[in-house]
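K.L.:
just need the structure, nothing else, for what follows:
(one chain, ligands or ions: 1)
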Amino acid sequence: MATLPRMTTTAPIGAHLIGGDWSTDAPGGTAVSDNPARPDEPVGEYPLGDAGTAAQAVGAAVEAQAAWRAAGFGFRSRILERAAVLFDERADELALVCTLEEGKTLAESRGEAVLSAETCRYQAGLAKTSTERIFPTGNPGETIRTVRAPLGVVGIITPWNFPILIPVWKIAPALVAGNPVIWKPASNTPLTAVAIAGVFADAGLPAGVLNLVLGPGSVGGALVADERVDGVSFTGSVGVGRGIRDVVTARNGRVQLELGGHNPCIVFPDADLDMAVTAVVGGAMGATGQKCTATRRIIAVGDVHDELVDRLAVAVTALKVGDGQDPATAIGPLVSAGARAEVVEAIDQARAEGAVTVAVTEEVPDGPCYQAPTLFVGGTDLTITREEVFGPVSTVLHVDTEDEAFALANDTEFGLSASVFTNDMWTIDRAVHELRAGLIKVNGPTTGSEIHAPFGGEKNSSGHSAREQGDTAQEFFTRTRTAYIKPGRLP
Ligand code: NDP
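P.N.:
Numbering: from 1, shown residues only. The predicted structure is shown next:
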């Protein structure tokens, strides 16, 4: 069954990690993790936990909490630094399991492992910089000082589309700030999660500080509802995210959401079309369009439209779709046959609504998860230009003026990322200030971010959540306390 090579980690192939012990308890039965590129070669089996497993993991985290907080930032940073070394050393192994389960190319998967190492290193270093502030007071001898205390017991729920990096974006800052963690990963990528938990365990994390619970969405539901969990950081769909927000905030817990996107890329007539075409195709189709920051709408301004469409069509048609393990592959399969069915339905609906197909990738292997990247030209009446379709599909929209372009770009319930292609300084300045997105790129794709800069969206992409990554990551994972300190004796 398992096509996985033996991992360097001490973790078994499929198991929960609770209170420092690997456990194959399976109150929900066992499940098989599939390889979307090779459905007849499943990746491996894993146990399904239930609400009781989640409760056990929360109990382990509660037990570890005081000692982890008291251990101090130096001890915590050193563990993250060791985890960084292991992420680098195991990058190829992690990439393989990620590609086998998720389908993306080995290069894309390896990039996640390497950026995970960088995230751990960065967050470990950041812990050594002061976040305290001192304020003046009118009372002689008194000091007002803010300190950052850990948030508490933290639940982390992650999707399958960046199964290495998104968890590490959350786990690394949570741990270094002194919080014990319970992590429920996506069911499409459980064995990648085990390998990541193995990295942290092998880096020397004390028992109970990071707990991994495998199982269906209901396990995440149990975690979210547990009164002992002080905060939940979630990345995934809008519907699930809203449900989590309602449950956690109803009990005065803290919630951080990274949800969907419908990201525009505006191409102005003065754009460098070589740059724009490369960025649009990469942004729309890279990772098989399964990025929250993927380019969903391409807004062509004025007479750039026809040449842009022609050049995009050539590039999309030539994309190489295949098994992510083949170094020649640019676009892997979708994560599952179910995910493909949703994309096919959206494409059929777009055609029925009048979208014009300008490009479909020609060579696509047989298999239930392979989907030809598809480019449409159409209008704003198409459902596909409003609702997120999580696959390699994008639509070119044509407007005449800059005002129309900005209005159309912002005409969405989402606000995750946006990009513009132009060299006009006024237009660039306008884009930075007027595009309602948390991530704005100028002459770059809507996708991609650096781990040391804040990441997150506006509107339905993130609500009012604190930003992830960078030094802003600590805002969610810590509580600010203001202390008024004065001498205990009168002068
Ligand atoms: P889901 O919301 O279905 O799942 C995300 C995680 O939540 C999974 O671990 C899932 O478990 C779990 N879950 C499911 N139901 C519940 C529940 N009731 N309570 C608690 N946890 C639950 O999203 P997908 O995994 O399908 O991810 C795709 C979506 O995520 C897209 O819409 C995409 O836009 C968004 N996304 C956003 C990103 C961002 O940064 N803004 C980044 C990446 C993705 P299980 O897998 O077992 O169902």
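K.L.:
check contacts around the closest residue to the ligand within the stretch 351-491 of the chain.
P.N.:
Residue of the stretch 351-491 of the chain nearest the ligand, by Cβ to the nearest ligand atom: residue 390 (5.2 Å). Every residue, glycine included, has its C-beta placed from N, CA and C. If you count contacts by Cβ atoms under 8 Å, 6 or more residues apart in numbering, residue 390 has them with 161, 289, 290, 339, 342, 343.
K.L.:
need the pLDDT of it.
P.N.:
pLDDT recorded at residue 390 is 97.
K.L.:
cool, the one 5 residues further on as well?
P.N.:
We note a pLDDT of 98 for residue 395 in this prediction.
K.L.:
what about it, which SS state?
P.N.:
With DSSP: H, G, I helix; E, B strand; the rest coil as the basis, residue 395 sits in strand.
K.L.:
okay, now the residue nearest to it when sequence neighbours are not counted: neighbour count?
P.N.:
Leaving aside its chain neighbours, residue 395 sits nearest to residue 376 (4.4 Å; criterion: Cβ to Cβ, 6 or more residues apart in numbering). Residue 376: 24 surrounding residues under other Cβ atoms under 10 Å.
K.L.:
quick check: residue 376 is in a strand.
P.N.:
Yes: Residue 376: assigned to a strand according to three-state DSSP.
K.L.:
re earlier: neighbour count added to the contacts of residue 390, as a markdown table?
P.N.:
Output for the contacts of residue 390, formatted as a markdown table (neighbours: other Cβ atoms under 10 Å):
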| residue | neighbour count |
| --- | --- |
| 161 | 24 |
| 289 | 24 |
| 290 | 22 |
| 339 | 22 |
| 342 | 14 |
| 343 | 20 |
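K.L.:
in helices, which of those residues appear?
P.N.:
339, 342, 343 (DSSP state H).
K.L.:
just confirm residue 53 contacts residue 19, I think it does.
P.N.:
No: counting by Cβ atoms under 8 Å, residue 53 sits too far from residue 19 to count as a contact (11.6 Å).
K.L.:
which one's more surrounded, these two?
P.N.:
Neighbours per residue, other Cβ under 10 Å: of residue 53 and residue 19, the larger number sits with residue 53, 26 against 17.
K.L.:
that one: helix or strand, and which one exactly?
P.N.:
Using DSSP states H and E, residue 53 sits within helix 51-70.
K.L.:
what about the residue of the stretch 351-491 of the chain closest to the ligand, which SS state?
P.N.:
Relying on three-state DSSP, one would call residue 390 coil.
K.L.:
so which residues on this protein come close to the ligand?
P.N.:
Where the chain comes near the ligand, counting by Cβ under 6 Å from any ligand atom, the residues are 157-161, 184-187, 216-217, 220-221, 224, 235-237, 240, 243-244, 258-261, 292, 388, 390, 416, 461.
K.L.:
only whichever of those residues are buried, select them in PyMOL.
P.N.:
Only the buried entries of those go into this PyMOL selection, using 16 or more other Cβ atoms under 10 Å:
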select buried, resi 157+158+159+160+161+184+185+186+187+220+221+224+235+236+240+243+244+258+259+260+261+292+388+390+416+461
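K.L.:
restricted to helices, list the residues of the chain next to the ligand.
P.N.:
Judged by DSSP H, the subset of these located in helices is 217, 220, 221, 224, 240, 243, 244.
K.L.:
and stretch 377-386, what's its mean pLDDT?
P.N.:
Mean predicted confidence for stretch 377-386 is 96.
K.L.:
alpha carbons only: can I get that stretch in PDB?
P.N.:
What follows is stretch 377-386, C-alpha atoms only, in PDB (Å, rounded to 0.1, in the frame of the first residue of the first chain):
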ATOM      1  CA  VAL A 377     -13.300  35.800 -21.900                       C
ATOM      2  CA  GLY A 378     -16.500  37.100 -20.600                       C
ATOM      3  CA  GLY A 379     -18.500  39.700 -18.700                       C
ATOM      4  CA  THR A 380     -19.400  40.400 -15.100                       C
ATOM      5  CA  ASP A 381     -22.700  38.500 -15.400                       C
ATOM      6  CA  LEU A 382     -20.800  35.200 -15.300                       C
ATOM      7  CA  THR A 383     -21.000  33.400 -12.000                       C
ATOM      8  CA  ILE A 384     -17.400  32.400 -12.300                       C
ATOM      9  CA  THR A 385     -16.300  36.100 -12.100                       C
ATOM     10  CA  ARG A 386     -17.900  36.400  -8.700                       C
END
